[in-house]
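Participant: Kindly return the folded structure for what I paste below:
(one chain, ligands or ions: 2)
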Amino acid sequence: MCDDESKLTRTKRQWADQGKFLTGRITRPETDRLPPGQHLVTNWPVLDLGQQPIIRPESWRLDVKGGAENPVSFSWTDFLALPQSQKLSDIHCVTTWSRYDNRWEGVSTRDLLDVVVPRAEANFVMLTSYDGYTTNLPLADFAVEDAILATHWEGRPISAEHGGPMRLVVPHLYFWKSAKWLTRIDFLPGDQAGFWERNGYHMRGDPWAEERYSDD
Ligand SMILES: Nc1nc2c(c(=O)[nH]1)N[C@H]1C(S)=C(S)[C@@H](COP(=O)(O)O)O[C@H]1N2
Ligand SMILES: [Mo]
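Facilitator: Ligands and ions are numbered 1, 2, ... in the order given. Next up, the predicted model:
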């Protein structure tokens, strides 16, 4: 236990030294809330590859595998036993819609990282979902304060079409990085392209910099 804690503290200090937790959270004036090229919607469109898996809680798993000091395969019960958080954030989809003030509940990515502890050499994350979807992002972006492995939206369980029972939400990147039906997380030393990233989309996807396509 002592050993684990010193390892965790060491990892966190390394992240702090590298500025890993400093990049995502940006305070903006209300008038500057909509990123360039976006328009506001009040509905919540559904976008995916067209195959929406239905996962029963008994068979659901979240496997945190590659690049973790403490690899864990979470059952639904294990996952609900992690510390629970609430976040309020805006959605920015690369197809140009944005939706303000979404209230999420679930497990913050930081609380997950505290348990699994990425290895010191981990700098990127690969996410894999039940529909075969993959997407990649820097560990620093995955680890921002308002990123959440969400089970609830506006006080209700997230519907199957929006990625229930659990989806990632990383609000400061385009929404394609927010994997629905997430089932596997791998930490990698180098960046690897996920599904849309192999199909012409940007490796990072910052809406404020309009990082839409790979040649931007
Ligand atoms: N598993 C999975 N996650 C996914 C996708 C997908 O096809 N499969 N599509 C992405 C894209 S392109 C967007 S815009 C958002 C859409 O989420 P929503 O349908 O809840 O609006 O999910 C992202 N996460
Ligand atoms: Mo999207």
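Participant: W196: what secondary structure?
Facilitator: Classification of W196 by DSSP: H, G, I helix; E, B strand; the rest coil places it in helix.
Participant: separation between it and ligand 1?
Facilitator: W196 is 6 Å from ligand 1, where distance means Cβ to the nearest ligand atom, to the nearest Å. Bear in mind the C-beta positions are built from the backbone N, C-alpha and C, glycine included.
Participant: and the gap between the closest residue to that residue other than its chain neighbours and ligand 2?
Facilitator: Counting by Cβ to Cβ, 6 or more residues apart in numbering, W196 lies nearest to W176, which is 5.1 Å off, once chain neighbours are set aside. To ligand 2, W176 is 4 Å away according to Cβ to the ion, to the nearest Å.
Participant: Tell me if W176 really is in a helix.
Facilitator: Yes: counting by three-state DSSP, W176 is part of a helix.
Participant: wait, isn't it in contact with I91?
Facilitator: No: contact criterion Cβ atoms under 8 Å: W176 and I91 do not qualify, at 11.1 Å.
Participant: Just checking the longest strand seen in the chain against ligand 1, any contact.
Facilitator: If you go by DSSP state E, the chain has its longest strand at strand 97-108. No: Strand 97-108 is not in contact with ligand 1 by Cβ under 6 Å from any ligand atom; minimum separation 8.4 Å.
Participant: Pull that strand out as CSV, backbone CA atoms only.
Facilitator: Coordinates of the C-alpha atoms in strand 97-108 are reproduced here as CSV (Å, rounded to 0.1, in the frame of the first residue of the first chain):
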residue,chain,number,x,y,z
TRP,A,97,-23.1,21.7,-34.0
SER,A,98,-22.5,22.6,-30.4
ARG,A,99,-24.7,22.1,-27.3
TYR,A,100,-24.3,24.0,-24.1
ASP,A,101,-24.6,23.0,-20.4
ASN,A,102,-24.7,19.2,-20.4
ARG,A,103,-24.8,17.8,-16.9
TRP,A,104,-22.8,14.5,-16.6
GLU,A,105,-22.4,12.1,-13.7
GLY,A,106,-19.9,9.2,-13.5
VAL,A,107,-16.3,8.6,-12.7
SER,A,108,-13.8,11.4,-13.5
